[in-house]
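Colleague: Take a look and give me a structure for this.
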Amino acid sequence: MNLIIVESPTKSKTISKFLGSDYKVESSYGHVRDLPKSKLGIDIENNFEPQYVIPTKARKRVNFLKKEAEKAEKIILATDEDREGEAIAWHLTQALGLDARSQTTNTPESTKMRSKTTNASESTNIRYLNSGHSDEFVVSHRVQRVQRIVFHEITKPAIEKALKTPRSIDLNLVNAQQARRILDRLVGYKLSPFLWEKIMKRLSAGRVQSVALRLIVERENEIRNFIPQEYWTITAILETLKIKKLIQANLYKINNETIPKLKITSKEEADKIIDELKKCDYKVSKIEKKEIKKNPPPPFTTSTLQQAANNRLGYSAKQTMRLAQNLYEKGLITYMRTDSLNLSKESVMAAKEWIEKNFGKNYISQAPRFFKTKSRLAQEAHEAIRPTNVNLTVKEIKIENSSEKKLYDLIWRRFIASQLPQAIFDSTKVEIEATNKLKTKNYKLQTSGNILRFDGFLKIWPQKFEEKELPELEENESLKLVEVKPFQHFTEPPPRYNEASLVKILEKYGIGRPSTYAPIISVIQERNYVVKNENKQFVPTEIGEEVNKLLVKHFPEIVDVGFTAKMEEKLDEIAEGKIDWRKVIKEFYEPFIKNLEAKINVVEKVKLTEEKTNEICDVCGKPMVVKYGRFGKFLACSGFPECKNTKPYSDSIDLGLCPKCKEGKVVIRRTKKGRIFYGCSKWPECDFSSWKKPEIKTEKQKAEE
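Modeller: Predicted structure coming up:
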């Protein structure tokens with residue numbers, strides 16, 4: 001019997017369908033070893049040696065897998081193909097007592113000591129050093145018993161191919177994962193007590209999450225400090241003399257100089273120009289017609305999937321990755337943690353066949369379309385996220401979960417769209433000249449038309465665009481002015497980040513990697529450093545702002561975008577076997593801990609403001625005040641500690657009377673995870689609650705009822 005070990009029971013069930021009775025597939029249920037929760041778990045004096053333990057919840061499973069491994073002729077570790085999966089495979093060898101000598105590494109030291117990469121199926125006696133571990137290992141005949149396989153999709157051909165081409169555990173990938181885990185543990189366990197002392201208890205600091213928090217806080221400060229600027233635009237309504245059709249055109253040049261956005265800053269200036277335009281003669285000065293081709297989007301990477309799922313489906317990054325994991329483990333999509341745009345030739349040809357069969361030859365691209373990955377660090381051996389079987393549309397897959405269906409449909413459509421032709425538009429741009437009687441001043445207005453001639457990829461991947469058809473015009477054709485109108489505008493501050501835009505900016509700056517975006521966003525919400533407003537945009541809490549202020553001032557490198565991105569590059573270099581992980585951690589830790597120790601007695605404690613409220617304690621009758629806890633604001637009696645009465649905090653926004661009791665007011669509340677809902681101010685006497693914002697009816701609407 002051959003034992004295959006994967007991470008999840010769903011994955012094990014899917015793989016079992018493709019294999020015969022010679023194989024038994026079992027799940028480890030995730031990680032089987034980790035750093036202890038109760039202590040640092042890193043021996044700093046011993047070159048940062050991690051002290052792994054088997055968590056209580058994993059012990060039963062580990063014992064079961066040990067017994068199964070003892071009975072197996074061959075043990076095949078089939079965990080995910082990324083660093084996390086490689087680390088799980090390595091931890092399994094340690095926890096189950098398997099032959100660790102089957103592992104290989106590509107460090108500079110080990111490369112010099114062997115002439116080729118050892119494969120888990122080879123029989124060899126090459127001796128080499130394992131970077132990052134003190135022992136010297138020998139690769140022996142026993143390596144055949146423990147094998148590592150990887151695959152990009154859970155399909156029968158992919159599993160069969162992987163079983164024919166096993167390899168060893170890549171300790172470079174393991175070390176990269178260990179380095180990230182240890183770095184984050186050192187920051188969290190050393191810096192968090194500092195925050196407890198200087199701000200409040202139960203706070204915690206994260207290496208990468210703190211950078212995301214800084215981005216959100218800085219954007220909020222931009223919005224607060226933003227001063228709107230007034231500006232005006234001018235639009236003319238003109239009529240063609242031949243066919244009596246109306247045209248709307250915008251003023252964009254005065255005396256052949258383009259008008260800057262903030263050129264016309266008052267109504268007086270606009271009215272002066274309008275008075276002059278009313279005295280002008282109008283004619284068509286230029287007509288430019290051209291064909292515009294719009295390219296289809298590439299298939300999804302982890303980042304773009306999270307952005308599209310948030311924008312189109314309203315899913316959070318965490319929800320998207322959970323659903324995608326389920327789809328992958330059911331064999332419906334390729335691996336969902338990737339920054340590669342690579343597509344297999346087989347998948348591209350399958351897409352072409354489906355398109356021709358369902359849409360016709362007009363929708364076949366002239367050549368198969370492949371996309372070049374922009375990221376320097378993307379692994380081209382990986383694939384973009386795509387359906388494993390293009391013939392399975394959302395109507396044909398057997399899934400009950402509606403959210404999974406929607407995400408699958410999004411992935412399927414994006415992949416098909418990537419292989420469809422360009423969308424083609426007929427574009428017309430018309431320039432209109434306005435000249436006063438004395439020809440001392442010249443104005444130019446512009447209008448454009450846009451007509452879709454061939455939908456191409458838009459047939460399956462709709463995007464917003466406005467079709468506008470212009471009447472037939474000729475150059476030098478005279479036009480009649482019907483009306484000219486001014487429009488007032490004000491410049492707007494940059495928008496707050498939502499999940500999609502935050503993921504985009506994290507990727508742009510190289511903060512984190514595909515597998516980390518969702519945890520980053522979840523953690524800063526769970527810590528109550530940020531909350532989402534009614535528009536699902538991130539707003540920093542007072543605690544979040546104080547934590548950021550302290551970190552920026554006293555630990556600038558921790559929250560520096562460039563420094564954090566550089567650290568990601570070093571982690572990638574560890575994964576490539578170019579540098580030793582212990583050296584990277586040492587270079588980070590020594591100045592970090594030195595600075596921390598220097599700040600302990602220097603930084604003063606932050607005093608959080610406690611707002612007074614009109615609420616009266618229903619236990620002792622004293623006023624209630626706003627306090628801050630692990631889950632954000634709450635109301636507490638000002639008589640504390642004699643009176644320990646508390647109440648949930650609600651934002652004081654008038655949303656009308658409670659529709660249930662007709663006495664209390666509808667107020668905004670938040671769950672422990674920061675999600676907004678609406679409830680009655682008389683809770684717990686009235687238990688009205690709703691995720692949907694109640695409509696506020698005007699007096700006129702009430703009267704009409």
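
Colleague: how's the chain carved up into domains?
Modeller: 2-169, 181-226+507-599, 230-295+429-490, 302-418, 612-704 (automatic domain parsing).

Colleague: right, and the ones you listed - which one's nearest Ser501?
Modeller: Closest to Ser501 of these, according to Cβ to Cβ: domain 302-418, at 7.9 Å. Quick note: C-beta positions are derived from backbone N, CA and C, even for glycine.

Colleague: How far does that closest one stretch from one end to the other?
Modeller: Domain 302-418 has an end-to-end distance of 16 Å (criterion: Cα to Cα, to the nearest Å).

Colleague: Find the centremost residue of the protein, please.
Modeller: Central residue of the chain (Cα atoms, centre = their mean): Val503, 3.3 Å from the mean position.

Colleague: how close does that residue get to Asn310?
Modeller: Applying Cβ to Cβ, to the nearest Å, the value for Val503 to Asn310 is 8 Å.

Colleague: who touches both of the two?
Modeller: Shared contacts of Val503 and Asn310 (Cβ atoms under 8 Å, 6 or more residues apart in numbering): Ala317.

Colleague: so what's Asn498 up against?
Modeller: By Cβ under 8 Å, 6+ apart, the contact list for Asn498 reads Asn310, Asn535, Lys536, Gln537, Phe538.

Colleague: dump the residue contacts of the first one.
Modeller: Pointing back at Asn310 there. With Cβ under 8 Å, 6+ apart, Asn310 has these contacts: Ser316, Ala317, Thr320, Asn498, Glu499, Ala500, Val503.

Colleague: tell me the secondary structure for the third one?
Modeller: The one in question is Thr320. Following DSSP: H, G, I helix; E, B strand; the rest coil, the label given to Thr320 is helix.

Colleague: which residues does it contact?
Modeller: Taking Cβ under 8 Å, 6+ apart, one finds Leu305, Gln306, Ala309, Asn310, Leu407, Ala518 in contact with Thr320.

Colleague: Now do the helices in the stretch 501-650 of the chain.
Modeller: Counting by DSSP state H, counting those that start in this stretch, the segments of the stretch 501-650 of the chain that form helices are 517-526, 542-554, 561-575, 581-599.

Colleague: mind checking which of the ones you listed is nearest Asn2?
Modeller: The closest approach between Asn2 and any of the helices of the stretch 501-650 of the chain, judged by Cβ to Cβ, belongs to helix 561-575 at 29.0 Å.

Colleague: Give me the buried positions along the closest one.
Modeller: Buried residues in helix 561-575, counting neighbours by 16 or more other Cβ atoms under 10 Å, are found at Val561, Thr564, Ala565, Met567, Glu568, Lys570, Leu571, Asp572, Glu573, Ile574, Ala575.

Colleague: I'd like to know which of those residues is nearest to Val552.
Modeller: Closest approach between the buried residues of helix 561-575 and Val552, by Cβ to Cβ: Val561, at 11.5 Å.

Colleague: among the helices and strands of this structure, which has the poorest mean pLDDT?
Modeller: strand 127-129 (a mean of 29; mean pLDDT, DSSP states H and E).

Colleague: lowest-confidence stretch among the domains of the chain?
Modeller: Between these, the one with the least mean pLDDT is domain 612-704; it has a mean of 75.

Colleague: For burial, what's the neighbour tally of Ser689?
Modeller: 13 (other Cβ atoms under 10 Å).

Colleague: beta partners of it?
Modeller: Here Ser689 shows beta-bridge partners Gly679, assigned using DSSP bridges.

Colleague: so of the contacts of Thr320, which ones are in helices?
Modeller: Members of the contacts of Thr320 lying in helices (criterion: DSSP state H): Leu305, Gln306, Leu407, Ala518.

Colleague: What subset of those is buried?
Modeller: Leu305, Gln306, Leu407, Ala518.

Colleague: Out of the contacts of Asn310, name the ones that lie in helices.
Modeller: Using DSSP H, the contacts of Asn310 in helices are Ala317, Thr320, Glu499, Ala500, Val503.

Colleague: sorry, back to before: ok, which pair from the contacts of Asn310 is furthest apart?
Modeller: Farthest pair in the contacts of Asn310, by Cβ to Cβ: Thr320 and Asn498, 13.3 Å.

Colleague: from the contacts of Asn310, which is closest to Ala78?
Modeller: Nearest to Ala78 out of the contacts of Asn310 is Thr320 (Cβ to Cβ; 24.2 Å).

Colleague: looking at the helices of the stretch 501-650 of the chain, which is closest to Tyr335?
Modeller: helix 517-526 (15.2 Å).

Colleague: Can you give the contact residues for the closest one?
Modeller: So helix 517-526 is in contact with 206, 208-209, 212-213, 216, 302-303, 306, 316-318, 320-321, 499, 502-503, 506-507, 511-512, 530-532, 544, 673-674, going by Cβ under 8 Å, 6+ apart.

Colleague: If any of the residues you listed are buried, give me the ChimeraX selection for them.
Modeller: Buried residues among the contacts of helix 517-526 (16+ other Cβ under 10 Å), as a ChimeraX selection:
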select :206,208,209,212,213,216,302,303,306,316,317,318,320,321,499,502,503,506,507,511,512,530,531,532,544,674
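
Colleague: and Val531, bridged to which residues?
Modeller: Val539.

Colleague: my guess is it meets Thr541, correct?
Modeller: Yes - using Cβ atoms under 8 Å, Val531 is in contact with Thr541, at 6.0 Å.

Colleague: So what touches stretch 82-94?
Modeller: The contact list for stretch 82-94 (Cβ under 8 Å, 6+ apart) reads 5, 7, 28, 30-33, 52, 65, 77, 79-80, 98-100, 102-103, 146, 148, 150, 169-171, 173-174, 176-178, 180, 335, 337, 515, 575.

Colleague: Would you mind finding the longest helix in the chain?
Modeller: If you go by DSSP H, the chain has its longest helix at helix 171-198.

Colleague: That one packs against which elements?
Modeller: strand 42-43, strand 49-50, helix 83-95, helix 542-554, helix 561-575, helix 581-599 (3 or more Cβ pairs under 8 Å, 6 or more residues apart in numbering; DSSP states H and E).

Colleague: Buried ones in the helix or strand just after that helix, by neighbour count?
Modeller: Beyond helix 171-198 on the C-terminal side, the first helix or strand identified by DSSP states H and E is helix 209-225. For helix 209-225, a neighbour-count test (16+ other Cβ under 10 Å) marks Gln209, Ser210, Val211, Ala212, Leu213, Arg214, Leu215, Ile216, Val217, Arg219, Glu220 as buried.

Colleague: how far away is the second one from Leu35?
Modeller: Going back to what we said before, that points to Ser210. 20 Å.

Colleague: Kindly list the main-chain dihedrals of Asn46?
Modeller: As for Asn46, its main-chain torsions (degrees, to the nearest 10) stand at phi -110, psi 50.

Colleague: Next: Ser27.
Modeller: Dihedral angles phi and psi of Ser27 (degrees, to the nearest 10) take the values phi -110, psi 140.

Colleague: That one and Ser16 touch, don't they?
Modeller: No - with contact defined as Cβ under 8 Å, Ser27 does not count as touching Ser16 (10.6 Å).

Colleague: hang on, the earlier thing: now, of the contacts of Asn498, which are buried?
Modeller: The neighbour count (16+ other Cβ under 10 Å) marks Asn310, Gln537, Phe538 as buried among the contacts of Asn498.

Colleague: What is the three-state secondary structure of the nearest residue in space to the second one that is not next to it in sequence?
Modeller: I take that to be Gln537. Leaving aside its chain neighbours, Gln537 sits nearest to Arg496 (3.7 Å; criterion: Cβ to Cβ, 6 or more residues apart in numbering). Here Arg496 is coil, with the state taken from three-state DSSP.
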